[in-house]
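Undergrad: Provided below for reference: sequence and predicted model.
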Amino acid sequence: MSISKFVTMSNGVKMPIFGLGTWQARSYKIVKSYQSSKESVISSVKTAINDGYRLIDTAAAYFNEEAIGEALAETFKEGKIKREDIFITTKCPPTFLHPQKQEDAITSSLSKLKLDYVDLYLAHFPCAYGDELKPEKALHDCKPEDIWKGLEKLYEKKLTRSIGISNFNVEQIHRISKSAKIPIHNHQVELHLYFQQDDLVEVCKKYGITVTAYAPLGSPGRTSYKLPNGFQPTWPEGPAPLENPIVQHLAKKYSKTPAQILLRHLIQKGIAVIPKSTNAKRITENHQIFDFELDENEMKNLYNVAQQPRLFWQDFLIGHPEDPYKEERGKQQKNSV
Ligand code: A2P
């Protein structure tokens, strides 16, 4: 079975099924040091493009749009690729999700990325805030349906070729889909071996929404994440997909690495993946997943791996009326009592 290198969105726009994730490839200063230097972000993006990557995923909240913009401008100038050859995704931060503020947000992202349009613009979360990400600044009257109306306007103004959401729950997808003029084109969520999100993927399929998996390797580097003020959040413990015995066995069988098995598993299901790396060797490694195939039985074995709770709980959303994980948090607490 040869796999298409693209998924086609309901408006006909083709999105590469494989791309570079850049969360944690940040060029902001954390107290005294940088999470990743600006140069390392620029060089990762250029390495990826030289290696054949045709999708770069970022967000205003990753603080690396400027570095990515520089890498893109240099690549275009060198004549390696043209603008239309690459797919750029970015995301509207929670403090700009109010429909009246979204155009400012996308304009700022475009200016940093040095682009006239992006290929996909996502509402980063279903929760809109005023000027700060604090429960008391939650905008109670700005529902996901309202956020969506704002995105539809950006799409109509051709500031983006497609629009979507990230970190929404199933019920919020139903609500938007009922009132939308333009359907949701893409949903980006945490998705990996131990958190395959079957129900959500099924609902997306029903509405013709393409799915992108963030943290497709289980985000092994998440514990080193720091906010600009140096704060280091704690993370739930969980088994590492890269160390799963089935994955390791398949890696040996196909002379591939565990990361390549994990990524192949997802693209073979039609789910787009955006593994993050700022390491040139791993950037190249992660892309080598189009030259082998997992058989039906192997896909089944990976599907049957016991599922675990999510890793990305986004605790800052607690207290917002549209917190997408409100019910799940309740169940988690009950289970741990
Ligand atoms: P690095 O940037 O040093 O390569 P995810 O995309 O699931 O969030 O995972 C990203 C994390 O996984 C980063 O810490 C990245 O580190 C690491 N990583 C990326 N590619 C690989 C790989 N092929 N094997 C092991 N770890 C990887």
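TA: It's in. Bear in mind the structure is a predicted one, so any value in this text is a computation, not a measurement.
Undergrad: show me what from this structure comes close to the ligand.
TA: 21, 215-221, 242, 257, 259, 275-279, 282, 285-286 (Cβ under 6 Å from any ligand atom). Backbone N, C-alpha and C define where each C-beta goes, glycine included.
Undergrad: how about a cut-off of 5 Å?
TA: Proximity of the chain to the ligand, by Cβ under 5 Å from any ligand atom, involves residues 21, 215, 217, 219-221, 259, 275-279, 282, 285.
Undergrad: nearest to the ligand among those?
TA: G221 (2.2 Å; Cβ to the nearest ligand atom).
Undergrad: state the pLDDT value of the closest one.
TA: Per-residue confidence at G221 stands at 82 (pLDDT).
Undergrad: for the closest residue to it other than its chain neighbours, what are its contacts?
TA: Excluding its sequence neighbours, the residue lying closest to G221 (Cβ to Cβ, 6 or more residues apart in numbering) is Q24, at 6.1 Å. With contacts defined as Cβ atoms under 8 Å, 6 or more residues apart in numbering, Q24 is in contact with 35-36, 62, 221-222, 224-225, 276.
Undergrad: rewinding a little: could you list which of the residues of the chain next to the ligand belong to strands?
TA: G21 (DSSP state E).
Undergrad: buried subset of the residues of the chain next to the ligand, written for ChimeraX?
TA: In ChimeraX syntax, the buried subset of the residues of the chain next to the ligand is picked out as below (16 or more other Cβ atoms under 10 Å):
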select :21,215,217,219,259,275,276,277,278,282,285
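Undergrad: quick one: least confident of the residues of the chain next to the ligand?
TA: Lowest in pLDDT among these is G221, which has 82.
Undergrad: skipping its backbone neighbours, what lies nearest G164 in space?
TA: G164 sits nearest to N186 (Cβ to Cβ, 6+ apart), 3.5 Å away.
Undergrad: mind listing the helices for the stretch 51-200 of the chain?
TA: With helices called from DSSP state H, counting those that start in this stretch, the stretch 51-200 of the chain shows them at 65-77, 99-113, 144-156, 170-179, 198-206.
Undergrad: give me the helix or strand of the chain that scores worst on average pLDDT.
TA: Lowest by mean pLDDT, DSSP states H and E among the helices and strands of the chain is strand 33-34, with a mean of 50.
Undergrad: that one: what's the following helix or strand?
TA: Going down the chain from strand 33-34, the next helix or strand is helix 38-50, by DSSP states H and E.
Undergrad: let me see the confidence value for the closest residue to Y121 other than its chain neighbours.
TA: Spatial nearest neighbour of Y121, excluding adjacent residues (Cβ to Cβ, 6+ apart): T160 at 3.9 Å. Predicted confidence (pLDDT) for T160: 98.
Undergrad: give me the distance between T160 and E285.
TA: 31 Å (Cβ to Cβ, to the nearest Å).
Undergrad: and M15, helix, strand or coil?
TA: strand (DSSP: H, G, I helix; E, B strand; the rest coil).
Undergrad: burial check on it, number of neighbours?
TA: Residues lying near M15 (other Cβ atoms under 10 Å) number 23.
Undergrad: beta-bridge partners for it, please?
TA: M15 forms beta bridges with V7, as assigned by DSSP bridges.
Undergrad: from here on, count from 47
TA: In the new numbering, first residue 47, that becomes M61.
Undergrad: surely it and M55 touch.
TA: Yes - M61 lies in contact with M55 (Cβ atoms under 8 Å); the separation is 6.1 Å.
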